[in-house]
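K.L.:
Dropping a prediction and its sequence here:
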Protein chains: 2
Amino acid sequence: MNRGPSLIERLRHRRAWRLTPQRRVVAEVLDGEHVHLTPDEVLRRARRRLPEISLATVYNALNELVALGEVRAVETGGGRVRYDPNVGRPHDHLVCLGCGALRDVYPRGRLSLPPSQRFGHRVIIRETTFKGYCPQCAPPARRERRAT
Amino acid sequence: MNRGPSLIERLRHRRAWRLTPQRRVVAEVLDGEHVHLTPDEVLRRARRRLPEISLATVYNALNELVALGEVRAVETGGGRVRYDPNVGRPHDHLVCLGCGALRDVYPRGRLSLPPSQRFGHRVIIRETTFKGYCPQCAPPARRERRAT
DNA sequence: CCCAAGTCTAGAACGGTTCTAATCTGGGCT
DNA sequence: AGCCCAGATTAGAACCGTTCTAGACTTGGG
């Protein structure tokens, strides 16, 4: 499961970014969980270790970690952003339309954009999300349309 | 370019959904543009044809069209949702990291989730977005990290 | 013509994120 | 050690997109 240095260890070696207690706690919280947390979930967990940390600091730290390339922001629908500390190897996501749970997945195959479909763009990344229903969330009735 | 009945024509044949002037104008605006509009862009264009239409009605109509399966909501990053009237054939998206422009693309190849990567989920759809820079938006310097 | 159901509207409310201005912290200097 | 100052943190306000609310309006059926 463990692949190389942890997020904290990587951050510790960055000269240009001070690893303050607040930032360390945010990084620990992200790295320690197997789920992908929203900012308020990060705040709640961070406060267990450092009760005086503020929401603004959590947002600052998350945005900085994304800018540093140490964490990935994932849009999961409904406007809620979740943060993924697994930047080590490329992967996609599987999200449950019922409960919103998000996991990393490593699909088979590849998609490529033929030149005719690139419209002159320089393509940097591909982001793919598979959506469906997890075992706990009852599948919707077959003929019903899901409104949300 | 034209594939089958237009959005308006399809809506006209729906018994359960009254095609009011406001709803018609929203559908016309979506169908007539080649770009994928945000709600406020839909409102601006709709007001050219029907100046008294309200923002709430635009949101209502867009949500209803999505629920009906006649329009697709696409998250383009930054929390802004855009609406895609092309539900006829499956496709993916190409978005410019510079200007945010969004186009439909039809990539080659396929991705599949092996059973070991499905975690018991019933997978309904795959959503893929290619991100890069369009010809108008200068590519960022090679060694720089893009902050936003 | 009247009613009921459905639709539209302005404005308030809401929730997540960012901004602001003040305070605090900590490493480098003398 | 004591001082300085850039950078970090904080609470709360502001912001922005979206949804809700309450009332007015429209439409089609009886």
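P.N.:
Yep, that arrived.
K.L.:
and the top helix by length along chain A, is it in reach of DNA strand D?
P.N.:
In chain A, taking DSSP state H as the definition, the longest helix is helix A:55-68. Yes. With Cβ under 7 Å from any atom of the strand as the criterion, DNA strand D is reached by helix A:55-68 at A:55-57, A:60-61. All C-beta atoms are positioned from the backbone trio N, CA, C, and that covers glycine.
K.L.:
so which of those also contact DNA strand C?
P.N.:
A:55-56.
K.L.:
Over to the most centrally placed residue in chain A: give its phi and psi.
P.N.:
Nearest to the mean C-alpha position of chain A, counting by Cα atoms, centre = their mean, stands A:Asp84 at 2.5 Å. With angles defined as degrees, to the nearest 10, A:Asp84 sits at phi -120, psi 110.
K.L.:
For the longest helix of chain A, name the packing helices and strands.
P.N.:
helix A:21-32, helix A:39-49, strand A:72-75, strand A:81-84 (3 or more Cβ pairs under 8 Å, 6 or more residues apart in numbering or on different chains; DSSP states H and E).
K.L.:
Figure out which of those is closest to B:Arg24.
P.N.:
strand A:72-75 (31.1 Å; Cβ to Cβ).
K.L.:
Tell me the buried residues in that closest one?
P.N.:
Residues of strand A:72-75 classed as buried: A:72, A:74-75 (neighbour count, 16 or more other Cβ atoms under 10 Å in any protein chain shown).
K.L.:
Contacting DNA strand C as well, which ones from the residues you listed?
P.N.:
Among the buried residues of strand A:72-75, no residue lies close to DNA strand C (Cβ under 7 Å from any atom of the strand).
K.L.:
Need the contact partners of stretch A:130-137.
P.N.:
Identification of contacts with stretch A:130-137 by Cβ atoms under 8 Å, 6 or more residues apart in numbering or on different chains yields A:92-99, A:101, A:105, A:107, A:139-140, B:113, B:119-127.
K.L.:
ignore the last one, stretch A:117-128
P.N.:
With Cβ under 8 Å, 6+ apart as the test, stretch A:117-128 has contacts from A:92-93, A:107, A:111, A:113, B:94, B:96-97, B:103, B:105-107, B:111, B:126-135, B:139.
K.L.:
now do 7 Å
P.N.:
Residues from elsewhere that reach stretch A:117-128, judged by Cβ atoms under 7 Å, 6 or more residues apart in numbering or on different chains: A:92, A:111, A:113, B:94, B:96-97, B:103, B:105-107, B:111, B:126-135, B:139.
K.L.:
And it, end to end?
P.N.:
Length of stretch A:117-128, first residue to last, Cα to Cα, to the nearest Å: 17 Å.
K.L.:
Give the buried residues for it.
P.N.:
For stretch A:117-128, the neighbour count (16+ other Cβ under 10 Å) marks A:117-118, A:121, A:126-128 as buried.
K.L.:
Quick one: mean pLDDT over whichever strand in chain A runs longest.
P.N.:
Longest strand of chain A, by residue count under DSSP state E: strand A:122-133. The pLDDT scores in strand A:122-133 average 93.
K.L.:
chain center to that strand: distance?
P.N.:
13 Å (Cα atoms, centre = their mean, to the nearest Å).
K.L.:
Near A:Val25, how many other residues are there?
P.N.:
Neighbourhood size, A:Val25 [other Cβ atoms under 10 Å in any protein chain shown]: 21.
K.L.:
of all the buried residues of stretch A:117-128, which comes closest to A:Leu37?
P.N.:
A:Glu127 (18.7 Å).
K.L.:
Quick check: pLDDT value at A:Cys137.
P.N.:
A:Cys137 carries a pLDDT score of 81 in this model.
K.L.:
give me every residue that touches the residue lying closest to it once chain neighbours are set aside.
P.N.:
Once flanking residues are discounted, A:Cys137 sits nearest to A:Gly98: 2.7 Å by Cβ to Cβ, 6 or more residues apart in numbering or on different chains. The contact partners of A:Gly98, taken as Cβ under 7 Å, 6+ apart, are A:133-134, A:137.
K.L.:
Repeat that for A:Ala27.
P.N.:
A:7-8, A:11.
K.L.:
If we use 10 Å, what do you get?
P.N.:
A:6-12, A:19, A:42, A:46, A:61-62, A:65, A:70-71, A:85 (Cβ atoms under 10 Å, 6 or more residues apart in numbering or on different chains).
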